[in-house]
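Novice: A structural model of the following input is requested.
(one chain, ligands or ions: 1)
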Amino acid sequence: MSKTVLLAGGAGYIGSHTAIELIDKGYKAVIADCHYNSNPIVYERLKEITGTDIPHYNIDVCDENALNRVFEENNIDVVIDFAGYKAVGESVREPMKYYKNNLNSTFSLVNTMERHGVSNIIFSSSATVYGMNNPSPLTEDMNLGPCTNPYGWTKFMNEEILRDLSAANEELSVVLLRYFNPIGAHSSGLIGEDPKDIPNNLMPYIAQVASGKLEILSVFGNDYDTHDGTGVRDYIHVVDLAKAHVLAADYASEHKGVEAFNIGTGVGYSVLDIVKAFERVNNLTIPYKITERRPGDIATCYADSSKAEKILGWKAEKNLEDMCRDTWNWQSKNPEGYK
Ligand code: UFG
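Specialist: Next up is the predicted model:
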């Protein structure tokens, strides 16, 4: 019998790509999403790609009564918690919004899981939990925090809450996936990242400059201690990241306790490396200017993902060229996103 995975917040960028990979590996997917940061058109696109009508619920995951119905109507084996706000700058301006939503959605999920005897949860964590002071490559055994913004603290706190729950209940299986910088899109160009407003992140910003929607990229600082002075990050193709969730679902079903995994490529690229690769791969010019550093940014952040390789059997397969090509394929086919 195939297992059923509930993707909470699963209509978004990472969730939608994960749904495809789960179905490809024989899982059944169910999505719960209030579309705060996603578009219901994604279900049609997912049907085009997978040939499957994915059951979906337009609910707020924080609403425990609504979530309870999802569990009543589906035989859930594994939960993936993608639900949460993710704009770093907004979290600094409106911290309560982030603490309330990002913690309550996880509370609601774990309460409902307990009520229905579901014991496997995969949590969308972030490299941001490593804080300001750890040197790259980052390994899972490093001390966590201090985080530089409320968004990061919600990831840190949810990790800690899930760790405490796992210590109190030996039946529970918790997998913490610490994402590095997901970019790229499904090769069909049917789904991809569709930022709500002006993008905060580098790659969607570049994509919108390329399409003429935005005028010029601001490169936030060129005086960091890196090979060209601009910030270095570990960019990972969203399809590789999606595949890590499938392996995490397999793993969670067979193991108890809590495990954290870095999901990155282990390679760091600077902002200017990304700009140049995007220009070269897509035969475009990206106008840019150097501006002030963005508060809270660190010079360098990349993963040691050998634990994920050893234990989950996961390794990133796609390279920077794939990421640049697939981002532009999605952006050029959907200049207004899903609208
Ligand atoms: N950058 C620019 N110009 C832009 C946007 C970004 O120069 O318009 C630079 C940043 O300064 C940084 C790099 O591009 O050096 C990457 O920035 P992103 O905003 O794309 O990504 P971050 O590494 O800052 O943040 C990401 C996720 C967070 C997560 C964090 C974990 O967006 O959710 O990684 O390290 F918390």
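
Novice: report how many residues lie close to the closest residue to the ligand within the chain.
Specialist: Nearest residue of the chain to the ligand, counting by CB to the nearest ligand atom: G231, 2.2 Å away. Every C-beta, even on glycine, is put in place using the N, C-alpha and C of the backbone. G231: 24 surrounding residues under other CB atoms under 10 Å.

Novice: same check, this time on Y235
Specialist: A total of 25 residues lie near Y235 under the criterion other CB under 10 Å.

Novice: what's in contact with the worst-scoring helix or strand of the chain on mean pLDDT?
Specialist: Lowest on mean pLDDT, DSSP states H and E among the helices and strands of the chain sits helix 88-93, with a mean of 95. Residues outside helix 88-93 that contact it (CB atoms under 8 Å, 6 or more residues apart in numbering): 85, 97-98, 149-152, 154, 200, 296.

Novice: residues contacting I191?
Specialist: 16-17, 20, 42, 45-46, 49, 185, 330.

Novice: where does pLDDT dip in the stretch 51-200 of the chain?
Specialist: The model of the stretch 51-200 of the chain has no residue with pLDDT under 70.

Novice: the same query, at a cut-off of 90, please.
Specialist: Within the stretch 51-200 of the chain, the stretches with pLDDT under 90 are 196.

Novice: what do you get for the stretch 201-339 of the chain?
Specialist: 339.

Novice: what residues does it put near the ligand?
Specialist: 201-202, 205, 217-220, 231, 233, 271, 294, 297, 301 (CB under 6 Å from any ligand atom).

Novice: just the buried ones from these, in PyMOL syntax?
Specialist: PyMOL command restricting these to the buried ones, with burial defined by 16 or more other CB atoms under 10 Å:
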select buried, resi 201+202+205+217+219+220+231+233+271+301
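
Novice: in strands, which of the residues of the stretch 201-339 of the chain next to the ligand appear?
Specialist: 217-220, 233, 301 (DSSP state E).

Novice: JSON lines for those, including distance to Y288?
Specialist: Listed next are those as JSON lines, based on distance: CB to CB, whole Å:
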{"residue": "L217", "distance to Y288": "4"}
{"residue": "S218", "distance to Y288": "7"}
{"residue": "V219", "distance to Y288": "5"}
{"residue": "F220", "distance to Y288": "11"}
{"residue": "R233", "distance to Y288": "16"}
{"residue": "C301", "distance to Y288": "21"}
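
Novice: nearest to R178 among those?
Specialist: C301 (11.0 Å; CB to CB).

Novice: surely the closest one is in contact with R178?
Specialist: No. C301 is not in contact with R178 according to CB atoms under 8 Å; the separation is 11.0 Å.

Novice: re the thing from before, of the contacts of helix 88-93 - the most surrounded one?
Specialist: T154 (26 neighbours).

Novice: ok, the nearest residue to that residue once chain neighbours are set aside - contacts?
Specialist: Excluding its sequence neighbours, the residue lying closest to T154 (CB to CB, 6 or more residues apart in numbering) is N102, at 3.7 Å. N102 is in contact with 84-85, 151, 154-155, 158, counting by CB under 8 Å, 6+ apart.

Novice: N102 - that's part of a strand, no?
Specialist: No. Secondary structure of N102 (DSSP: H, G, I helix; E, B strand; the rest coil): helix, not part of a strand.

Novice: V239: which element?
Specialist: V239 belongs to helix 238-254 when assigned by DSSP states H and E.

Novice: from what I see, S125 and Y179 are in contact.
Specialist: Yes. Shown here, S125 and Y179 form a contact pair, counting by CB under 8 Å, at 7.0 Å.

Novice: before we move on, back to that, the least confident helix or strand of the chain: which residues count as buried?
Specialist: 88, 90-91.

Novice: again with stretch 12-31
Specialist: 12-23, 27-31.

Novice: common neighbours of C301 and R178, please.
Specialist: Contacts common to C301 and R178, judged by CB under 8 Å, 6+ apart, are 127, 130.

Novice: re the thing from before, secondary structure added to the contacts of I191, as JSON lines?
Specialist: As requested, those are exported to JSON lines (three-state DSSP):
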{"residue": "S16", "secondary structure": "helix"}
{"residue": "H17", "secondary structure": "helix"}
{"residue": "I20", "secondary structure": "helix"}
{"residue": "V42", "secondary structure": "helix"}
{"residue": "R45", "secondary structure": "helix"}
{"residue": "L46", "secondary structure": "helix"}
{"residue": "I49", "secondary structure": "helix"}
{"residue": "A185", "secondary structure": "coil"}
{"residue": "W330", "secondary structure": "helix"}
